[in-house]
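Asks: model the structure of this input:
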Amino acid sequence: MKKAILILLFMATPAFAWNWQDPDSRFDASKNETMDVKLRWVVVKDINAACNAEQKKRGGKVFKFEVQACSFWEGKECIVMTPKMASIHNLGHEVLHCFRGAFH
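Replies: Okay, here's the model as predicted:
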């Protein structure tokens, strides 16, 4: 019985699941929705205002949390919005949305 419990606990550890909130978490790139993306990076002064304005423009609801970056599709182009001082994690996270779609 102890062996079975150990195996189940080991298989349930986060190392086997992609954690989009962890900048060091790995994911299977072969599961992307697309591998060909036209990308535009837009730097804005007020990231919350800009992302919420884009959400509303596209018929969505405003974010109920403070936004650090965001991404949207416009035709065949993926637009990533960040503040002037962006982190590699935030930029990478949004660019990943361009390849993978909505994952959270």
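Asks: buried stuff in the lengthiest helix in the chain?
Replies: If each helix of the chain is counted by residues according to DSSP state H, the longest one is helix 88-100. Neighbour counts over helix 88-100 (16 or more other CB atoms under 10 Å) mark 90-91, 93-100 as buried. (Glycine included, C-beta is placed from N, CA and C.)
Asks: pull the residues that contact it.
Replies: 20, 23, 27, 29, 31-35, 37, 39, 41, 68-71, 73, 78, 80-82, 103 (CB atoms under 8 Å, 6 or more residues apart in numbering).
Asks: ok, the spatially most central residue of the chain to Leu39 distance?
Replies: Nearest to the mean C-alpha position of the chain, counting by CA atoms, centre = their mean, stands His93 at 4.0 Å. For His93, the distance to Leu39 equals 14 Å [CB to CB, to the nearest Å].
Asks: pLDDT weak spots in the chain?
Replies: Residues of the chain that meet the criterion pLDDT under 70 lie in 1-17.
Asks: please enumerate the helices of it.
Replies: Using DSSP H, helices in the chain cover 2-11, 47-57, 88-100.
Asks: that older thread, which of the buried residues of helix 88-100 lies closest to Gly59?
Replies: Closest approach between the buried residues of helix 88-100 and Gly59, by CB to CB: His97, at 17.9 Å.
Asks: ok now the longest helix of the chain, how far from the chain's centre?
Replies: 5 Å (CA atoms, centre = their mean, to the nearest Å).
Asks: ok, stretch 65-84 next?
Replies: Computed by CA atoms, centre = their mean, the chain-centroid distance of stretch 65-84 equals 10 Å.
Asks: now the terminal residues of it, how far apart.
Replies: 19 Å (CA to CA, to the nearest Å).
Asks: now it: buried residues?
Replies: Buried residues in stretch 65-84, counted by 16+ other CB under 10 Å: 67-72, 78-83.
Asks: now for the residues you listed: which two are most distant?
Replies: Cys78 and Pro83 (18.1 Å).
Asks: output the buried residues of stretch 65-84 as a markdown table; include the columns distance to Gly59.
Replies: Listed next are the buried residues of stretch 65-84 as a markdown table, based on distance: CB to CB, whole Å:
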| residue | distance to Gly59 |
| --- | --- |
| Val67 | 18 |
| Gln68 | 23 |
| Ala69 | 21 |
| Cys70 | 15 |
| Ser71 | 16 |
| Phe72 | 12 |
| Cys78 | 18 |
| Ile79 | 16 |
| Val80 | 20 |
| Met81 | 17 |
| Thr82 | 23 |
| Pro83 | 24 |
